[in-house]
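*Asks:* Show me the folded form of this:
(chains A, B, C and D)
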2 protein chains.
Amino acid sequence: MQDKPVTQNDVGVAFSRHDHAHCADATLARAEAAALTRGARLTPVRRRALEILLEEHRALGAYEVLDRLAADGFGKQPPVAYRALEFLVENGLAHRVRRLNAFTACMHPGETHMPVFLICRVCHAVAEASATPVRAALDRAAAELGFTVERTNVEALGLCPACHDLACTGVST
Amino acid sequence: MQDKPVTQNDVGVAFSRHDHAHCADATLARAEAAALTRGARLTPVRRRALEILLEEHRALGAYEVLDRLAADGFGKQPPVAYRALEFLVENGLAHRVRRLNAFTACMHPGETHMPVFLICRVCHAVAEASATPVRAALDRAAAELGFTVERTNVEALGLCPACHDLACTGVST
DNA sequence: CTTGACCTGTTATGTCATAACATAGACAAG
DNA sequence: CTTGTCTATGTTATGACATAACAGGTCAAG
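*Replies:* The predicted model follows:
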């Protein structure tokens, strides 16, 4: 369980150049392990949906996932995609990005965590950032008001390193 | 500009008993001042939309706002509400709560701030919590990855103090 | 082989959001 | 006063996202 052959820091992979085929495979493997541990059944549709999400470091709309599933011979009605995605989210294998009405694969399934998303408004890459300090600050703010936090969405829109650099250098046109 | 007759702490009002008529009036007045400062035109529909949002400390769907606007003699097609709400959001007089696909009045318009929402899943009250530390933590996490944060959504779902107490005491039924 | 739990698929519908176009007042330039 | 432009409001129509309700299929437990 500790032979994770992580190529780089895990957090923020979305923004670094990397061997994505490897990255996706490894994440899928971790997801399978996590599902097994939880006794969650990663059936063909669900697994395929996860693979689809893993193809890119961005968020996909449910209907986008649906089209790909349908192309692979699965059902072609919305609930097919929504159910698979719901399963993935419930089991911590994917996350919902509310700002985009879309879904993205979880990059470190198994570990319980509060996702913090960094969404590039130019290239639409989505990265999961380190959440612990944010969560702590949030808990503290909530506690001041006597509020009990159960679930959170933390999403930031902005520029990823690559697009930021482009914006700075290539303003000429 | 500094004669704010704030009845209580401003942050978290939603969860405290308070003179809401006063709270709403005062917030509306601050919103008007803020709009004036920005040179933003708080026209009748827009103003009415804001009043509607201010009636309760919860988030209202666009169509809910629309119905109320229509009842008051304004247009009854979706864009009427969406445009008014968009204006309010753009000008910092209201916020969008993505988790609920809904909108809520800003409780301290004028002050630039990153909203942090605490949403009670039982009574649906929505409070704006103190955001600064959360924002700082988020900025730090983003900076580690070279990401530039522009806008954020931070939303926590859970139990407000009142509903939490009820859940603890009144489990019998 | 029947039952019950769970998964997949369907039809139909509901909810949220916006594109594109039409009209009306505000106001400065002519 | 009129014309052009800007902004706001309103409309029709459509697009995008999401779920309720039901039908059939698999499979292990009894």
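
*Asks:* okay, CA-based contacts and neighbour counts for the rest of this
*Replies:* OK.

*Asks:* what does chain A have sitting close to DNA strand C?
*Replies:* Residues of chain A lying close to DNA strand C (Cα under 7 Å from any atom of the strand) are A:40-41, A:43-46, A:73-80, A:84.

*Asks:* Go again with 6 Å.
*Replies:* Neighbours of DNA strand C within chain A, by Cα under 6 Å from any atom of the strand: A:41, A:43, A:44, A:45, A:46, A:74, A:75, A:76, A:77, A:79, A:80.

*Asks:* so the last one sits in a helix?
*Replies:* The one in question is residue A:80. Yes: judged by DSSP: H, G, I helix; E, B strand; the rest coil, residue A:80 forms part of a helix.

*Asks:* Secondary structure element holding the residue lying closest to it once chain neighbours are set aside?
*Replies:* Closest residue to residue A:80 apart from its sequence neighbours, by Cα to Cα, 6 or more residues apart in numbering or on different chains: residue A:66 at 7.1 Å. Following DSSP states H and E, one finds residue A:66 within helix A:62-71.

*Asks:* Contacts for that helix, please.
*Replies:* Outside helix A:62-71, the residues that touch it by Cα atoms under 8 Å, 6 or more residues apart in numbering or on different chains are A:45, A:48-49, A:52-53, A:75-78, A:80-82, A:85, A:102-103.

*Asks:* Buried by neighbour count, from these: which ones?
*Replies:* A:45, A:48, A:49, A:52, A:53, A:76, A:80, A:81, A:82, A:85, A:102, A:103 (16 or more other Cα atoms under 10 Å in any protein chain shown).

*Asks:* interface residues of chain A facing DNA strand D?
*Replies:* Chain A comes close to DNA strand D at residues A:61, A:62, A:63, A:78, A:79, A:82, A:101, A:102, as judged by Cα under 6 Å from any atom of the strand.

*Asks:* In three-state terms, label residue A:138 for me.
*Replies:* Note that with three-state DSSP, the state of residue A:138 is helix.

*Asks:* Let's see the pLDDT reported for the nearest residue to it once chain neighbours are set aside.
*Replies:* Excluding its sequence neighbours, the residue lying closest to residue A:138 (Cα to Cα, 6+ apart) is residue B:134, at 5.8 Å. Looking at residue B:134, its pLDDT is 95.

*Asks:* mind exporting the helix or strand encompassing residue B:134 as PDB, just the C-alpha atoms?
*Replies:* According to DSSP H and E, residue B:134 maps onto helix B:132-144. Provided in PDB are the C-alpha atoms of helix B:132-144 (Å, rounded to 0.1, in the frame of the first residue of the first chain):
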ATOM      1  CA  THR B 132      -9.700  36.400   5.800                       C
ATOM      2  CA  PRO B 133      -7.900  33.500   7.400                       C
ATOM      3  CA  VAL B 134      -9.500  31.100   4.900                       C
ATOM      4  CA  ARG B 135      -8.400  33.300   2.100                       C
ATOM      5  CA  ALA B 136      -4.900  33.400   3.400                       C
ATOM      6  CA  ALA B 137      -4.700  29.700   3.600                       C
ATOM      7  CA  LEU B 138      -6.100  29.300   0.100                       C
ATOM      8  CA  ASP B 139      -3.700  31.800  -1.300                       C
ATOM      9  CA  ARG B 140      -0.800  30.000   0.300                       C
ATOM     10  CA  ALA B 141      -1.900  26.600  -1.100                       C
ATOM     11  CA  ALA B 142      -2.400  28.100  -4.500                       C
ATOM     12  CA  ALA B 143       1.000  29.900  -4.500                       C
ATOM     13  CA  GLU B 144       2.700  26.600  -3.800                       C
END
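
*Asks:* Report the buried residues of it.
*Replies:* Residues B:132, B:133, B:134, B:135, B:137, B:138, B:139, B:140, B:141, B:142 are the ones in helix B:132-144 that count as buried (16+ other Cα under 10 Å).

*Asks:* picking up where we left off before, switch the residues of chain A next to DNA strand D over to CSV; also include pLDDT.
*Replies:* Converted to CSV, these look like this (pLDDT from 0 to 100):
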residue, pLDDT
A:61, 98
A:62, 98
A:63, 98
A:78, 98
A:79, 98
A:82, 98
A:101, 98
A:102, 98
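
*Asks:* Rebuild these as a markdown table, extending it with distance to residue B:114.
*Replies:* Shown next, in a markdown table, are these (distance: Cα to Cα, whole Å):
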| residue | distance to residue B:114 |
| --- | --- |
| A:61 | 26 |
| A:62 | 29 |
| A:63 | 31 |
| A:78 | 35 |
| A:79 | 35 |
| A:82 | 31 |
| A:101 | 21 |
| A:102 | 23 |
